[in-house]
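**Q** after the sequence you'll find the predicted model.
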Amino acid sequence: MLDNLLQLVKDFGENEVVNNPAIPNEHNNAVMSEAGMAVAGTLQQALASGNVQEVLAMFQQGDADVMSNPLAQQAQGSFMDSITSKLGIDKGAAAGVAGSLLPMIMNALVKRTNSQAPEDSGFDLSSLIGSLTGGGQPGGQGGLDIGGLINQFTGQGGQGGAGGFDLNNIINQVKGGGNQGGGGGLGDLIQGFFGK
């Protein structure tokens, strides 16, 4: 699922980054890498901090503008700050790229994740959360039941958040699975994708 997110970044980045004269060509891959890291890193940080409901709320926006969600705004700000501080991109150019590229990525990610169309079958919220937390391994192995977690938070788990539901236990599972090495593994994976 993370590959699908990064492919969205690459697809939209072709026009918004590669064909953008304000972005020096030698920084094209690095800018796209930072966009992928801003989105994935923001979601991973929210999950690790126990803000699962905030992540789920973003994917339940329906046709509403995803950029009205605080996490989407945080990802956009993080991306802009990152390309100005790490790559020396001019603030005006960074604001322009962040204002066009991030909304495209976030809206497409949410829309395709919620889509029932066969061509969007690779976009799955459970897989995305699993890839960001280290939980959702193929075949359902791994200590974290992502589907059950989503059902608990969306009220589809039958108990409506009562009974055998321990929020601290879920937060600890997410933290334990997704934050080893301060996210270095995620950063390396994203940089590797754009180094192709």
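**A** All right, it came through fine. Residues are numbered from 1 along each chain as shown.
**Q** quick check: longest helix of this protein.
**A** When the chain is scanned for its longest helix (criterion: DSSP state H), the result is helix 91-114.
**Q** what lies in contact with that helix?
**A** 4-5, 8-9, 12-13, 16-17, 20, 22-23, 31, 35, 38-39, 58-59, 61-62, 65-67, 72, 75-77, 79-80, 83-84, 89, 120, 123-125, 128 (C-beta atoms under 8 Å, 6 or more residues apart in numbering). To be clear about C-beta, it is placed using only N, CA and C from the backbone, and glycine gets the same treatment.
**Q** sort out which of these are buried, if you could.
**A** 4-5, 8-9, 12-13, 16-17, 20, 23, 31, 35, 38-39, 58-59, 61, 66-67, 72, 75-76, 79-80, 83-84, 89, 123-125, 128 (16 or more other C-beta atoms under 10 Å).
**Q** any idea how far residue 78 is from residue 24?
**A** Using C-beta to C-beta, to the nearest Å, residue 24 is found at 21 Å from residue 78.
**Q** without its sequence neighbours, what residue ends up closest to residue 84?
**A** Sequence neighbours aside, residue 94 is the residue nearest to residue 84 in space, at 4.7 Å (criterion: C-beta to C-beta, 6 or more residues apart in numbering).
**Q** distance check, that neighbour against residue 87.
**A** 9 Å.
**Q** who are the contact partners of the residue nearest the centre of the chain?
**A** Nearest residue to the geometric centre of the chain (C-alpha atoms, centre = their mean): residue 40, 3.3 Å. Residues in contact with residue 40 (C-beta under 8 Å, 6+ apart) are 2, 5, 132, 186, 190.
**Q** would you reformat these as a markdown table and include distance to residue 108?
**A** Conversion of the contacts of residue 40 to a markdown table gives the following (distance: C-beta to C-beta, whole Å):
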| residue | distance to residue 108 |
| --- | --- |
| 2 | 15 |
| 5 | 9 |
| 132 | 18 |
| 186 | 20 |
| 190 | 17 |
